[in-house]
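A.B. asks: I need the structure of the sequence given here:
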Amino acid sequence: MKTGLHAFINAANFKNISKKIFCRINLCSLLGTILLLGSLNIKAQNISNVLVGSTPVCAGSTVTVNFSVTNGTIPGSFYSLSTNYTAYISNLGGTFPVTPIPIGTVTNISGGYNTTPDALITGISASFTLPTSLATGNYSISIGSSNPVFNGSTGVNGSLIFAVNALIAPSVSITANPGTTICAGTDVTFTATPTNGGVNPSYQWQLNGANIASATGASYVTNGLLNNNQIRVVMTPSSEICADPGTGISNVLTMTVNPLLTVSVNISASATTICAGSSVTFTAGVPTNGGISPTYQWQISTDGGATYNDISGQTATTYTTNSLAGGNMVRIKLTSSELCASPNPIFSAPVTMTVNPNLPVSVSASASSTTICAGTNVTFTATPT
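C.D. replies: Below you'll find the predicted structure:
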């Protein structure tokens with residue numbers, strides 16, 4: 001327990017009190033009691049000019065508090081590096097509660113110190129962490145100390161009002177167009193929709209949990225997906241958002257990628273060289289990867305294959321006609337019902353027709369002699385035209 005003038009003054013806990021007192025100084029039990037009559041003008045330490053650094057700040061963040069200390073008039077009321085300074089936070093709106101809310105205590109903080117009575121020490125700076133539970137609004141911070149004692153819990157030296165933004169949870173969801181079931185090589189566009197992302201959130205798309213190089217926009221387009229690939233995005237809100245946690249991780253889209261199926265079909269003709277007006281039947285063979293319900297369309301070209309036109313009503317696997325002309329080319333268009341048929345539709349190789357014109361036929365006969373004697377040989381000769 002401290003004795004003497006020092007202990008007496010500390011116990012009194014003076015603050016800006018000026019009075020004349022007569023002090024009885026108990027130097028120690030060995031020296032006895034010495035009465036010292038004196039006239040002393042005593043003041044305690046004072047803390048003022050409390051200012052919080054740049055705002056607004058996020059709940060749970062560390063803020064820098066600047067303040068000044070005015071020394072008291074006797075030893076023990078001087079600012080020193082061993083002084084403990086405690087910060088108190090106000091209620092929402094800036095008023096201080098009856099029950100103090102301390103947010104931290106620091107020792108050995110910046111700022112010079114001296115033992116000059118009434119000296120003003122400026123530029124003292126300390127950092128304190130705000131509670132994570134603070135709601136959005138305005139607050140004040142007050143500073144108190146021990147050794148020497150200055151009660152700041154009541155807000156007597158509360159700072160100017162400063163703004164605090166509450167912590168909010170960011171989130172993000174993604175969608176895929178045309179969907180999550182695709183054919184190999186299909187372009188897929190993934191789009192992110194953020195919540196609590198701020199005015200300019202940043203993104204990092206991931207494939208199977210690994211970052212995709214340069215995929216940092218709100219959308220991501222690719223045609224190189226494989227079956228069971230998983231896509232997600234990590235969204236980081238812009239700086240004005242007090243995010244907790246610091247990022248939002250999207251839902252995971254698992255891709256079903258079907259292989260491409262090569263489609264083909266062949267056709268045959270009952271004859272390829274005919275006479276004009278002859279009937280010809282064309283038949284489609286069993287297609288490769290045509291699916292359960294393929295569709296057919298017979299086509300004809302009359303310009304050597306430069307263009308083809310659909311033959312009206314001819315959508316079966318066979319086509320019969322007697323109206324072909326020389327050089328006509330006939331083919332079939334097959335549309336597969338398989339999901340990932342490629343190419344689709346497909347065209348068969350054409351059949352080129354040779355059509356000969358119909359020629360009139362005649363024959364004439366001549367005899368070696370038309371007037372003969374009975375029993376004479378006569379030779380008849382036929383001449384076709």
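A.B. asks: gap between stretch 278-290 and the chain center?
C.D. replies: 52 Å (Cα atoms, centre = their mean, to the nearest Å).
A.B. asks: Can you show me the CA trace of it as PDB?
C.D. replies: Listed in PDB are the C-alpha atoms of stretch 278-290, where the atom choice follows Å, rounded to 0.1, in the frame of the first residue of the first chain:
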ATOM      1  CA  SER A 278     -39.600 -45.600-116.600                       C
ATOM      2  CA  SER A 279     -40.400 -46.000-112.900                       C
ATOM      3  CA  VAL A 280     -37.500 -45.900-110.400                       C
ATOM      4  CA  THR A 281     -37.700 -46.600-106.700                       C
ATOM      5  CA  PHE A 282     -35.200 -45.000-104.300                       C
ATOM      6  CA  THR A 283     -34.600 -46.600-100.900                       C
ATOM      7  CA  ALA A 284     -32.900 -45.200 -97.800                       C
ATOM      8  CA  GLY A 285     -30.700 -47.600 -95.900                       C
ATOM      9  CA  VAL A 286     -30.600 -47.900 -92.100                       C
ATOM     10  CA  PRO A 287     -29.000 -44.700 -90.800                       C
ATOM     11  CA  THR A 288     -26.100 -44.600 -88.400                       C
ATOM     12  CA  ASN A 289     -27.100 -42.800 -85.100                       C
ATOM     13  CA  GLY A 290     -30.500 -41.800 -86.600                       C
END
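A.B. asks: Give me the buried positions along it.
C.D. replies: Residues of stretch 278-290 classed as buried by neighbour count (16 or more other Cβ atoms under 10 Å): 278, 280, 282, 284, 287, 289, 290. For the C-beta atoms, the positions are set from N, CA and C on the backbone; glycine is no exception.
A.B. asks: okay if I get those residues as CSV plus pLDDT and secondary structure?
C.D. replies: As requested, those are exported to CSV (pLDDT from 0 to 100; DSSP: H, G, I helix; E, B strand; the rest coil):
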residue, pLDDT, secondary structure
278, 96, coil
280, 98, strand
282, 98, strand
284, 98, strand
287, 97, coil
289, 97, coil
290, 96, coil
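A.B. asks: quick check, nearest of the residues you listed to residue 134?
C.D. replies: Closest approach between the buried residues of stretch 278-290 and residue 134, by Cβ to Cβ: residue 289, at 64.7 Å.
A.B. asks: Could I get the contacting residues of that closest one?
C.D. replies: By Cβ atoms under 8 Å, 6 or more residues apart in numbering, the contact list for residue 289 reads 261, 262, 263, 264, 336, 338, 341.
A.B. asks: what's the answer for residue 349, then?
C.D. replies: Residue 349 touches 266, 267, 331, counting by Cβ under 8 Å, 6+ apart.
A.B. asks: Please indicate which of those are buried?
C.D. replies: Using 16+ other Cβ under 10 Å, the buried members of these are 267, 331.
A.B. asks: Might you quantify the distance of stretch 208-216 from its chain's geometric centre?
C.D. replies: 10 Å.
A.B. asks: coming back round to it: show me the contacts of residue 349 that map onto strands.
C.D. replies: Residues from the contacts of residue 349 lying in strands, with DSSP state E as the criterion: 267, 331.
A.B. asks: quick one: stretch 352-365 to chain centroid distance?
C.D. replies: Relative to its parent chain, stretch 352-365 has a centroid offset of 77 Å by Cα atoms, centre = their mean.
A.B. asks: brain fart, stretch 246-259
C.D. replies: The chain centroid and the centroid of stretch 246-259 are separated by 11 Å, computed with Cα atoms, centre = their mean.
A.B. asks: Likewise for stretch 271-283?
C.D. replies: The answer for stretch 271-283 is 64 Å, by Cα atoms, centre = their mean.
A.B. asks: Give me the distance between the two termini of it.
C.D. replies: Start-to-end span of stretch 271-283 (Cα to Cα, to the nearest Å) is 11 Å.
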